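Enquirer: Quick one: sequence and predicted model below, then my questions.
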Amino acid sequence: MTLQDLVIPNPNEQKKYTAIIEAAFKVFARDGLHKGKIADIAKEAGVGKGTVYEYFRSKEEIFTAILNQFFDLIQVGLDEVNRLEIPADQKVRMLLELNLDWFKTTTTEEALIVTEIWAQGLRSFYIGQPDDALILRYRKIQSTMMSILNQGVTDGVFRAVESETLAILLMATLDGIGLHFLMNQSLDIEKLKRVTIRAFLEGILVRPNSTQPQE
């Protein structure tokens, strides 16, 4: 269950909510974050302007909803992987595959919008108005990654590594790949997956050769 399900449990209401978010993606992709208007989003969604305001008090709340949707997708995937009763190195492999596969299913416009909104959220830190909810979501993702890394150390699969630092490194790697994807959509995602998984695991595995992916 997502936060959206908790706030909007009625299926019909959820359908409208989703339609507005999808319309916002299209409008922001076409007009940009600053020029995209609530009226245009309503028209694209096939609802009245007032209906949009029933769900979102401002355009900024739509930005937040888009980021929430993105982070929900990541967190749900991480939680599903973490619940599996498999070795930690397999979990790391799966979480990298899940996150990198996102670039194969998303459009450039969607990836750009998420990046722009994320950057806009980061600016709030510099003006003393941090988004606490955004911070908590990011830290939860980091915490889940740390849990997987700590499992690997406890089980003797990984060397005695500093899980917090490695989780940050892992997240930074995925963020960096995202930026390169925006500049070059012809990136070979499958090759990136193989190289990233091998490079990361070989650095922390007690016996790296035993789980080395085949080329």
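Expert: Good, I have the coordinates. Note that this is a predicted model, so its numbers are computed, not measured.
Enquirer: Please parse the protein into its domains.
Expert: When the chain is parsed into structural domains using automatic domain parsing, the resulting residue ranges are 1-57, 59-211.
Enquirer: Format those as CSV; extra columns: mean pLDDT and mean neighbour count.
Expert: All C-beta spots, glycine's among them, are computed from the backbone N, C-alpha and C. Output for those, formatted as CSV (pLDDT from 0 to 100; neighbours: other C-beta atoms under 10 Å):
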stretch, mean pLDDT, mean neighbour count
domain 1-57, 82, 15
domain 59-211, 86, 16
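Enquirer: which residue ranges form the helices in this protein?
Expert: Listed in chain order, the helices of the chain (DSSP state H) span 3-7, 11-31, 38-45, 49-55, 59-83, 88-105, 108-126, 132-154, 163-183, 189-204.
Enquirer: name the helices or strands packed onto the third one?
Expert: When you say that, I think you mean helix 38-45. Using 3 or more C-beta pairs under 8 Å, 6 or more residues apart in numbering; DSSP states H and E as the contact definition, the elements that helix 38-45 packs against are helix 11-31, helix 49-55.
Enquirer: Any idea how far the shortest one is from the middle of the chain?
Expert: Spelled out, it's helix 49-55. 26 Å (C-alpha atoms, centre = their mean, to the nearest Å).
Enquirer: cool, and stretch 181-191?
Expert: Its chain's average C-alpha position is 17 Å from that of stretch 181-191, according to C-alpha atoms, centre = their mean.
Enquirer: Give me the contact list for that stretch.
Expert: 100, 101, 103, 104, 108, 111, 112, 115, 177, 180 (C-beta atoms under 8 Å, 6 or more residues apart in numbering).
Enquirer: possible to save those as JSON lines with distance to residue 32?
Expert: Converted to JSON lines, the contacts of stretch 181-191 look like this (distance: C-beta to C-beta, whole Å):
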{"residue": "100", "distance to residue 32": "27"}
{"residue": "101", "distance to residue 32": "28"}
{"residue": "103", "distance to residue 32": "22"}
{"residue": "104", "distance to residue 32": "25"}
{"residue": "108", "distance to residue 32": "14"}
{"residue": "111", "distance to residue 32": "15"}
{"residue": "112", "distance to residue 32": "10"}
{"residue": "115", "distance to residue 32": "13"}
{"residue": "177", "distance to residue 32": "24"}
{"residue": "180", "distance to residue 32": "22"}
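Enquirer: Show me the one of the helices and strands packed on helix 38-45 that comes nearest residue 194.
Expert: Ranking these by proximity to residue 194 (C-beta to C-beta) places helix 11-31 first, at 30.5 Å.
Enquirer: can you state the direction angle for that closest one and helix 38-45?
Expert: Between the axes of helix 11-31 and helix 38-45, defined by axes from the mean of the first three to the mean of the last three C-alpha atoms, to 10 degrees, the angle is 120 degrees.
Enquirer: follow-up on the earlier one: can you say which of the helices and strands packed on helix 38-45 is nearest to residue 135?
Expert: Nearest of those to residue 135, taken as C-beta to C-beta: helix 11-31 at 22.1 Å.
Enquirer: list the helices and strands that closest one packs on?
Expert: Using 3+ C-beta pairs under 8 Å, 6+ apart as the contact criterion, the secondary-structure elements in contact with helix 11-31 are helix 3-7, helix 38-45, helix 49-55, helix 59-83, helix 108-126.
Enquirer: who wins for proximity to residue 200 among the ones you listed?
Expert: Distances from residue 200 to each of the helices and strands packed on helix 11-31 were compared using C-beta to C-beta; the minimum, 14.9 Å, belongs to helix 59-83.
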